[in-house]
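> pasting the sequence and the predicted model now:
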Protein chains: 2
Amino acid sequence: MNIAVLLFDDFETLDVYGPVEVFGRLVDLYTIKFYSLNGGQIKNRHGVSVLTEKMEDVSDNLEIFIVPGGLGTRKEIENKLLIDKIKEIATVSKFVLTVCTGSALLARTGLLDNKTATSNKRAFAWVITNGINVNWNKKARWTIDDKYYTSSGVSAGIDMALGFISDRHGIEFARRIAFEIEYNWTEDKDNDTFKIE
Amino acid sequence: MNIAVLLFDDFETLDVYGPVEVFGRLVDLYTIKFYSLNGGQIKNRHGVSVLTEKMEDVSDNLEIFIVPGGLGTRKEIENKLLIDKIKEIATVSKFVLTVCTGSALLARTGLLDNKTATSNKRAFAWVITNGINVNWNKKARWTIDDKYYTSSGVSAGIDMALGFISDRHGIEFARRIAFEIEYNWTEDKDNDTFKIE
């Protein structure tokens, strides 16, 4: 399965590299590439810099589209070209996975309307303004609705990626990955330690 | 504080970006740069590629040196030039933090002799052959001895980085970071879920 990871300036480091660690280990099953609206070098304030390809070069038969969050979403939410391109790729992709405030970007496309989704619980008040027709879930570690997986904040992306692996390859397979990376996986997607009332 | 992160081909993604997420958030306190023996583009099989500076360009008054693990350590453990350079930088650095099998590379320098250290519990049998005079701890999530912090496998690097922050800035400060990244922090360094008997 081909995975396209969206990047934009000031993406959150672990939103990206948590899922990349999980999927990346399965080299025989998943191939990961990084994209941004115009391609080229994308940076964040953690000192991380990544060379990306253009979003228009994402293949039409993409299997997994990952949309991270981070401070950069506050600016990108107003970037109509980016939102349109996210909508285009998310529409053709077999699955779409968002981490943290990445769900705000996806919500802006309208594709989450009348679907259940979650986001970083610390940024929830802002996130929900970007999708007033979305069924926002304040308690979930991650949610699944149709082809859309959305996770809570930052490290929850690891839990969701393991959950996605579990849904495709079985829970024992996912547990083995968690064991190998010595990660205390939150297996229950519906009860986030960081939930809000 | 300046942080130098060592990279080599086939480093483990999360070994690097877990601690980078934790330290990277504190932009006013920590500056992160990436280095490899000869500089240039470093890749791993997760599809991650990073442009690095040369290790010889690491400043003499470095505060934190991070050594990750990963499959690449199996090859690099025999790279005498790299081990010598790790020893040189670790000697001048104020603190040295290893993640996963990164402790095998550091052990090879001799700097961990008669000190307590840990590593990935799945790779323990191999790791200890690289430091027969090290007091290897099979139960710790991470260890601290003198200026050396060593963590267990992959995601344990996040716990150790939060522990380091706690030691410098107080536990409430570290808990706040864990809260912000919605990470279920293992605060007790001495009891790893993945310990071996």
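Everything's here; your move.
> which residues sit in contact with the most centrally placed residue in chain A?
A centroid search over chain A (Cα atoms, centre = their mean) returns A:Thr98, at 2.3 Å, as the residue closest to the centre. Contact criterion Cβ atoms under 8 Å, 6 or more residues apart in numbering or on different chains gives A:Ile66, A:Val67, A:Pro68, A:Gly69, A:Leu105, A:Leu106, A:Ala117, A:Ser119, A:Tyr148, A:Tyr149, A:Thr150, A:Ser151 as the residues in contact with A:Thr98. For every residue, glycine as well, the C-beta is placed using N, CA and C.
> any buried residues in stretch A:34-47, and which?
By neighbour count on 16 or more other Cβ atoms under 10 Å in any protein chain shown, the buried set for stretch A:34-47 is A:Phe34, A:Tyr35, A:Ser36, A:Leu37, A:Ile42, A:Asn44, A:His46, A:Gly47.
> ok, back up a step: out of the contacts of A:Thr98, who's nearest B:Asn61?
Using Cβ to Cβ, the shortest approach to B:Asn61 within those belongs to A:Pro68, at 34.2 Å.
> got the contact list for that closest one?
By Cβ under 8 Å, 6+ apart, A:Pro68 lies in contact with A:Val5, A:Leu6, A:Leu7, A:Phe11, A:Glu12, A:Asp15, A:Val16, A:Thr98, A:Val99, A:Cys100, A:Gly102, A:Gly157.
> any idea of the pLDDT on it?
Model confidence at A:Pro68, given as pLDDT, is 98.
> that one - nearest residue in space that isn't next to it in sequence?
Counting by Cβ to Cβ, 6 or more residues apart in numbering or on different chains, the nearest residue to A:Pro68 once its immediate chain neighbours are dropped is A:Asp15, at 3.5 Å.
> over to A:Tyr35. Which of the three states is it?
Of the three states, A:Tyr35 takes strand according to DSSP: H, G, I helix; E, B strand; the rest coil.
> what about A:Asn114, how many neighbours?
By other Cβ atoms under 10 Å in any protein chain shown, the residues close to A:Asn114 number 9.
> so it sits right up against A:Asn135, yeah?
Yes: here A:Asn114 lies in contact with A:Asn135, judged by Cβ atoms under 8 Å, at a distance of 7.0 Å.
> just to revisit the earlier point, near chain B, list only the ones from the buried residues of stretch A:34-47.
When those are checked against chain B using Cβ under 8 Å from any Cβ of the partner chain, the ones in range are A:Phe34, A:Asn44, A:His46, A:Gly47.
> of those residues, closest to chain B?
Closest to chain B out of those is A:His46 (2.6 Å), distances taken as Cβ to the nearest Cβ.
> follow-up on the earlier one: ok, of the contacts of A:Thr98, which one's closest to B:Gly170?
A:Gly69 (27.3 Å).
> test my guess that the closest one contacts A:Cys100.
Yes: the pair formed by A:Gly69 and A:Cys100 meets the contact definition of Cβ under 8 Å, at 3.1 Å.
> what segments of chain A are strands?
Counting by DSSP state E, the segments of chain A that form strands are A:2-6, A:31-36, A:40-43, A:49-54, A:64-67, A:95-98, A:116-117, A:135-136, A:142-145, A:148-151.
> deepest of those, which one?
Among the strands of chain A, judged by mean count of other Cβ atoms under 10 Å in any protein chain shown, the one packed with the most neighbours on average is strand A:148-151 (a mean of 28).
> ok, now which ones touch A:Asp190?
For A:Asp190, the residues meeting the contact criterion (Cβ under 8 Å, 6+ apart) are A:Lys139, A:Ala140, A:Arg141.
> residues near the first one, how many?
The criterion is other Cβ under 10 Å. On that basis, A:Lys139 has 16 neighbouring residues.
> just give the nearest non-adjacent residue to it, would you?
Leaving out its chain neighbours, the residue that sits closest to A:Lys139 by Cβ to Cβ, 6+ apart is A:Lys195, at 4.2 Å.
> right, and the one you found touches A:Lys138 too?
Yes: using Cβ under 8 Å as the test, A:Lys195 is close enough to A:Lys138 to be in contact (6.0 Å).
> overlap in contacts of these two?
The contact lists of A:Lys195 and A:Lys138 share A:Lys121, where a contact means Cβ under 8 Å, 6+ apart.
> returning to what we had before: between the contacts of A:Pro68, which sits nearest B:Met55?
So of those, ranked by how close each gets to B:Met55 (Cβ to Cβ), first place is A:Val16, at 25.5 Å.
> for that closest one, which non-adjacent residue is spatially closest?
Leaving aside its sequence neighbours, A:Val16 is closest to A:Pro68 (4.8 Å, by Cβ to Cβ, 6+ apart).
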